[in-house]
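K.L.:
pasting the sequence and the predicted model now:
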Amino acid sequence: MLIPQPRGDLSRAVGAWLRAPEAADSKLAADLIDSSAEPAETLTDVDLQLSLWMLYELHYRSFEDAADDAEWSPELLAVRRRLEAVFDAGVEQACADLIGPLATAAPQDVPDRLFEFVDTYPGPSLAEYVQRHADRDQVRELLMHRSIYHLKEADPHSFVLPRLNGAAKAGLVELQYDEYGDGDGDRIHQRLFAKALQAADLDPSYGAHVGVVPAEVLAISNVMSLFGLHRRRRGAAMGHLAAFEATSSVPCRRYAAGIRRVGLGDPVAQYFDEHVEADAVHEQLAVRVICAALLAEDRTLQRDIAIGAAACLRFDAGAAVPLLETWKRGGHLVDPPASDRALAVTP
Ligand SMILES: [Fe+2]
Ligand SMILES: [Fe+2]
């Protein structure tokens, strides 16, 4: 992947600094952040979200045109810390008022409260819309949005593995082994999603759609990197994972049905089919094994587990609401490229 095109002054500067890290200037970066914005507004600031996404990406697959030593450049890390401070405050502002019952529950009740929290969260029903109403290009647009995370699916939470002990560590390894294909490179969930993109006539290469998706979609990926890359946020990372897995199985069944209804067919639906059963197991592992064990070991992590779960639902809704509103008006947030592939199935 090449460094993405800038989407504002900050991402233009960050893009240049990835090529020449010694020039990175955290003071200039701070000046380029809109200081008049409320912290939660950073979640919709595409220039800031893309900048942070690029800086985090140095710890994943990086960019062919970034400097070799960019990952641990002190200057770039100082820039990242400036951006993270603003983003972290935005996460807190967006999520703090959601966590009450989960943060204050008796520790032994946290797993049940987590499932209740997820079940009662008033998020928009994007999956239901896809199942019943979305047209073929709206489904293709959704795949473009989802590619930002799903092409690196499970990787942010893997950063947490060395930070866990005992049952929490064993549980996360078991879950991630499944995400990474149970030993079969062709079954890695990232790979299944790339195949879905390809079958939908969309570019399946890693990072291909980063330059066009909205800020809210980049923020979904960034909040996982924020939690995964900081040991002190390990509770938030696992709370996020728990909520993510617990909101996947039923929606994936709906997405798969919608995909088939619009004629995109089995090769596109396969990724979602896989998650109907897998995530029904993963949610139990994440909530009742990983989060429960983490909390049994360190009760001070309860609030952070709650913040992580809230961030998962809040950020997902933050991306889904504008998308759904736009679709209902007949538009797109991102126009998918034309596809001349004939419909495989008619509804
Ligand atoms: Fe998965
Ligand atoms: Fe999963």
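P.N.:
That came through, no problem. Residues are numbered from 1 along each chain as shown. Ligands and ions are numbered 1, 2, ... in the order given.
K.L.:
find the closest residue to ligand 1 in the stretch 151-300 of the chain.
P.N.:
Per Cβ to the ion, the residue of the stretch 151-300 of the chain with the smallest distance to ligand 1 is His189, at 3.6 Å. All C-beta atoms are positioned from the backbone trio N, CA, C, and that covers glycine.
K.L.:
that residue and Leu151, how far apart?
P.N.:
Taking Cβ to Cβ, to the nearest Å as the measure, His189 and Leu151 are separated by 10 Å.
K.L.:
name the residue in the two with the higher neighbour count.
P.N.:
Each of His189 and Leu151 has its neighbours counted (other Cβ atoms under 10 Å); Leu151 has more, 24 against 19.
K.L.:
hmm, the residue of the stretch 151-300 of the chain closest to ligand 1 is touching Glu153, no?
P.N.:
Yes. Applying Cβ atoms under 8 Å as the test, His189 and Glu153 come out as touching, 4.8 Å apart.
K.L.:
neighbours around Tyr177, how many?
P.N.:
Other residues near Tyr177 come to 12 when the count uses other Cβ under 10 Å.
K.L.:
does it sit in a helix or strand, and which one?
P.N.:
With elements delineated by DSSP states H and E, Tyr177 resides in helix 166-179, which encompasses its position.
K.L.:
near ligand 1, which residues of the stretch 151-300 of the chain?
P.N.:
179, 189 (Cβ under 5 Å from the ion).
K.L.:
what residues does the stretch 151-300 of the chain put near ligand 2?
P.N.:
Taking Cβ under 5 Å from the ion as the contact definition, the stretch 151-300 of the chain meets ligand 2 at 279, 282.
K.L.:
ok, which stretches of the stretch 151-300 of the chain are helices?
P.N.:
Per DSSP state H, counting those that start in this stretch, the stretch 151-300 of the chain has helices spanning 155-158, 166-179, 189-199, 215-229, 234-246, 249-261, 266-284, 292-297. These are given in chain order.
K.L.:
and the contacts of the fourth one?
P.N.:
Counting by Cβ atoms under 8 Å, 6 or more residues apart in numbering, the neighbours of helix 215-229 from elsewhere in the structure are 43-46, 48-50, 52-53, 56, 59, 84, 87-88, 91, 145, 148-149, 152, 156-160, 210, 233-234, 236-237, 240, 308, 311-312, 315-316, 318-319, 322.
K.L.:
show me what the helix or strand of the chain with the lowest mean pLDDT is packed up against.
P.N.:
The helix or strand with the lowest mean pLDDT-type score in the chain, counting by mean pLDDT, DSSP states H and E, is helix 100-104 (a mean of 92). Counting by 3 or more Cβ pairs under 8 Å, 6 or more residues apart in numbering; DSSP states H and E, the packing neighbours recorded for helix 100-104 are helix 110-120, helix 302-328.
K.L.:
Asp304 touches His230, doesn't it?
P.N.:
No. At 10.5 Å, Asp304 does not count as touching His230 under the criterion of Cβ under 8 Å.
K.L.:
between these two, which one's more packed in?
P.N.:
Counting neighbours by other Cβ under 10 Å for Asp304 and for His230 shows that Asp304 has the greater number, 23 against 16.
K.L.:
what residues does that one make contact with?
P.N.:
Shown in contact with Asp304 (Cβ under 8 Å, 6+ apart): 233-236, 239.
K.L.:
circling back to that earlier point, what touches both of His189 and Glu153?
P.N.:
When Cβ under 8 Å, 6+ apart defines a contact, the residues bordering His189 and Glu153 alike are Glu179.
K.L.:
closest residue of the stretch 1-150 of the chain to ligand 1?
P.N.:
Nearest residue of the stretch 1-150 of the chain to ligand 1 (Cβ to the ion) works out as His150 at 7.8 Å.
K.L.:
show me what contacts that residue?
P.N.:
Taking Cβ under 8 Å, 6+ apart as the definition of contact, the neighbours of His150 are 189-190, 193, 271.
K.L.:
tell me the one of these nearest Phe117?
P.N.:
His189 (24.7 Å; Cβ to Cβ).
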